[in-house]
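Trainee: Turn this into a model:
(2 chains)
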Amino acid sequence: MDLLEFARGPALQFAAYILVAGVIWRLVGIIMLKEKPEFSEPRHPGGLMAALKVIYTRSFTAAPFKRATLYPKMLAYVLHIGLFVVVLLFVPHIVFFEGFLGFDWPGLPNNVIYFAGVAAVVAGIALLVRRLTHPVLRLISNFDDYFSWFITLLPLVTGLLMPVRMGVRYETLLAVHILSVAVLMIWLPFGKLGHTFLVFITRGTTGMVFERRGAKT
Amino acid sequence: MKTIPTLGEILQSQGVSRRGFMKYCAATASLLALPPAMVPRIARALEQARRPSVIWLSFQECTGCTESLTRSSSPTLEGLIFDSISLDYHHTLQAASGEAAEAARHAAMQENMGNYLVLVDGSIPMGNPGYSTIAGISNYDMLMETVEGAAAVVAIGSCAAFGGIPGADPNPTGAMSVSDLVKDKPVVNVPGCPPIPMVITAVLAQFLTFGQLPDLDIHGRPTAFFGQTIHDRCYRRPFYEQGKFAETFDDEGARKGWCLFKLGCKGPITYNACATVKWNAGTSFPIESGHPCLGCSEPGFWDKGGFYAPLSTGKFDSGEKLAGAAVAGVALGAAAAVAGRRRQAKYMKEG
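Mentor: Just a heads-up that it's a prediction; the model follows:
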């Protein structure tokens, strides 16, 4: 079994087990936690609408923080939109998903994918530079932040290298690319990349609690 | 004393023009990625070369490699060049049989000790010597005896180069490649199922011209022919970049000649010269005929998943194990939640 066969087979398989088990573990563990008792009168009923409102409003920079957070927020958008385009709209990736979902969707030309990928990598690097140069951010950053950054950008970079090659054989790059995705899948449920599946749950919960307590959301 | 004719004399006697001969030399130089200045040197060397003795051994094979070579000519110049080597032993093509055939092999070995070439097609069964024998001699014994006095060995086709179809899982005969067994002689792999005839003759031409074998890649293949992937040189590559793919063999994309990636094309990981040298006197190659590349010149191509499964498809087991992982996740999550609730209750009690 060569490296590519290992990556496409056992490595991806193992990573899929960990991803599925880890995501469900985290979700069930959080959802089944007991709600904290509220001792005050509710200002508002809270509920689903409050959750949806915060999910929406937290997607944008609040006016008082605009100056401080506009730059990283824009970079984060570029990174996330770039990732979305690359992961879900590159035809070979769609074919991969179709392999186990059973359906496909239209993809985009490779030039668009390359552009989105490069933009995402540049945004990711800019975010890292900010993290390293911002005194507060640097202080509160830990291994999880740096490794999550690394393992997010590694598949992007290895994927973007494939059409360029730079002397490395295609199948080797493809194997490294798939292996980097496998590591990402294993890490995703346990580190800060868990926001992939927790982002709307946590925002919604915050929205419901804040609304109940009368906070402006 | 009988004078052995040179290749130039033989080609002349067969009516090959000087112009045609030079065209072949230029094509060979181009294929081997040599500068144009090397063309006269190739021509001079080929003209003056004596017929090299070649012993062709066929083991666990289907004769497709020989078919490829013999049917390449109608007649082409490379076919004539091939005719002009001293093919002293070849099961399919030789007139002699039985003891006379084996005597011819031994005579060629003794007369050209240290200088002859051994071409092998087919893999060698190591599970049991009786799986494949010739004149009562096992393939392994014949190979090792023959290569002992050889200048070099050329493994023709994927079976000889990598084990091929006989070596496919579960490899019932314990098939091995030539390079698995021959360690003390230079071995050149010319894989393919079958290999491109021009590649075989070009390797021989380089050996005749320069007295040395070509540069090889990590799988022992001449880099001049196996240095780039089919995908890199495919005329359908622009469609891949544009995101235009044939979805089935008879849809609009297929009729318009779009990329065959979704139909399982292994071009991106297959190193061969099909897209440039092509087949049937440069007529076309499989992708041009509307069929995805099978990756037949790569090691273990038979066991690399379905021929029609796209390259980017993961190789997952059945969903049962994944469902098991999900159940394990639920159990772990529930256990974590119970532990969390206990901690919550404790904190609340303590105020």
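Trainee: Report the next helix or strand after the lowest-mean-pLDDT helix or strand in chain B in sequence order.
Mentor: Least confident element among the helices and strands of chain B, by mean pLDDT, DSSP states H and E: helix B:77-83 (a mean of 57). Next helix or strand after helix B:77-83 toward the C-terminus (DSSP states H and E): strand B:86-89.
Trainee: what's around the residue lying closest to residue A:214 once chain neighbours are set aside, how many residues?
Mentor: Closest residue in space to residue A:214, ignoring its immediate chain neighbours: residue A:43 at 3.2 Å, by C-beta to C-beta, 6 or more residues apart in numbering or on different chains. The C-beta positions use only the backbone N, C-alpha and C, and glycine is treated the same way. By other C-beta atoms under 10 Å in any protein chain shown, 12 other residues sit near residue A:43.
Trainee: Over to residue B:5?
Mentor: 14.
Trainee: That one reaches residue B:47, doesn't it?
Mentor: No. With contact defined as C-beta atoms under 8 Å, residue B:5 does not count as touching residue B:47 (10.9 Å).
Trainee: which neighbours do those two share?
Mentor: Common neighbours of residue B:5 and residue B:47 are not found (criterion: C-beta atoms under 8 Å, 6 or more residues apart in numbering or on different chains).
Trainee: Low-confidence ranges, chain A, go.
Mentor: Nowhere does chain A drop to pLDDT under 70.
Trainee: residue at max distance from the center of it?
Mentor: In chain A, residue A:41 marks the outermost C-alpha relative to the chain mean, sitting 37.1 Å out by C-alpha atoms, centre = their mean.
Trainee: element containing residue B:117?
Mentor: Counting by DSSP H and E, residue B:117 is part of strand B:116-121.
Trainee: ditto for residue A:53
Mentor: helix A:48-57.
Trainee: Which residue is the nearest non-sequential neighbour of the residue nearest the centre of chain A?
Mentor: Geometric centre of chain A, nearest residue: residue A:196, 4.5 Å, by C-alpha atoms, centre = their mean. Leaving aside its sequence neighbours, residue A:196 sits nearest to residue A:188 (C-beta to C-beta, 6+ apart; 6.1 Å).
Trainee: With residue B:296 instead?
Mentor: Per C-beta to C-beta, 6+ apart, closest to residue B:296 is residue B:193, 3.7 Å.
Trainee: Contact partners for that neighbour?
Mentor: Listed by C-beta under 8 Å, 6+ apart, the contact partners of residue B:193 are B:64, B:157, B:158, B:159, B:164, B:165, B:294, B:296, B:297, B:301.
Trainee: can you do 10 Å?
Mentor: B:62, B:64-65, B:68, B:157-159, B:161, B:164-165, B:294-297, B:301-302 (C-beta atoms under 10 Å, 6 or more residues apart in numbering or on different chains).
Trainee: phi, psi of it?
Mentor: Here the main-chain torsion angles of residue B:193 (degrees, to the nearest 10) amount to phi -130, psi 80.
Trainee: in the top helix by length along chain B, what counts as buried?
Mentor: For chain B, the helix with the greatest residue count under DSSP state H is helix B:319-350. For helix B:319-350, burial by neighbour count (16 or more other C-beta atoms under 10 Å in any protein chain shown) applies to B:322, B:325, B:326, B:328, B:329, B:332, B:333, B:336, B:337.
Trainee: Show the contacting residues for residue B:52.
Mentor: Per C-beta under 10 Å, 6+ apart, neighbours of residue B:52: B:7, B:84-88, B:112, B:115-117, B:151, B:204, B:207-208.
Trainee: what's the nearest residue to the residue nearest the centre of chain B if we skip its chain neighbours?
Mentor: When chain B is reduced to its mean C-alpha position, the closest residue under C-alpha atoms, centre = their mean turns out to be residue B:191, at 1.1 Å. Spatially, and ignoring its direct neighbours in sequence, residue B:191 is nearest to residue B:161 (3.9 Å; C-beta to C-beta, 6+ apart).
Trainee: which residues in chain A form helices?
Mentor: So, for chain A - with DSSP H - the helices run A:3-6, A:12-31, A:48-57, A:66-89, A:91-101, A:110-133, A:135-140, A:143-161, A:170-187, A:195-213.
Trainee: doesn't residue B:341 make contact with residue A:34?
Mentor: Yes. The criterion here is C-beta atoms under 10 Å, and residue A:34 meets it with residue B:341 at 5.0 Å.
Trainee: tally of neighbours for residue B:168?
Mentor: Neighbour count of residue B:168, defined by other C-beta under 10 Å: 14.
Trainee: could you list every residue that touches it?
Mentor: So residue B:168 contacts B:175, B:300, B:301, B:302, B:303 (C-beta under 10 Å, 6+ apart).
Trainee: okay, among those, which ones form the most distant pair?
Mentor: B:175 and B:301 (14.1 Å; C-beta to C-beta).
Trainee: would you list the buried residues of helix B:319-350 in TSV and tack on pLDDT?
Mentor: Shown next, in TSV, are the buried residues of helix B:319-350 (pLDDT from 0 to 100):
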residue	pLDDT
B:322	86
B:325	91
B:326	92
B:328	94
B:329	93
B:332	94
B:333	92
B:336	91
B:337	90
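Trainee: hey, where'd the helices end up in the stretch 151-300 of chain B?
Mentor: Applying DSSP state H, counting those that start in this stretch to the stretch 151-300 of chain B gives helices spanning B:157-162, B:178-181, B:197-210, B:223-226, B:230-233, B:237-242, B:252-255, B:274-277.
Trainee: what residues are up against residue 153?
Mentor: Answering for chain A, as no chain was given. Residue A:153 makes contacts with A:79, A:83, A:120, A:121, A:123, A:124, A:125, A:127, A:128, A:180, A:184, as judged by C-beta under 10 Å, 6+ apart.
Trainee: My question was about chain B, not that one.
Mentor: Applying C-beta under 10 Å, 6+ apart, we find residue B:153 in contact with B:55, B:57, B:117-120, B:143, B:146-147, B:160, B:178-179, B:181-182, B:185-189, B:213.
Trainee: beta partners for it?
Mentor: In this entry, residue B:153 is beta-bridged to residue B:118, residue B:187, by DSSP bridges.
Trainee: I'd like the distance from it to chain A, if you could.
Mentor: Distance, residue B:153 to chain A, by C-beta to the nearest C-beta, to the nearest Å: 24 Å.
Trainee: tell me the pLDDT at that residue?
Mentor: Per-residue confidence (pLDDT) for residue B:153: 95.
Trainee: try residue B:348
Mentor: 76.
Trainee: Do I have it right that it meets residue A:35?
Mentor: No. Residue B:348 lies out of contact with residue A:35 (C-beta under 10 Å); the separation is 11.6 Å.
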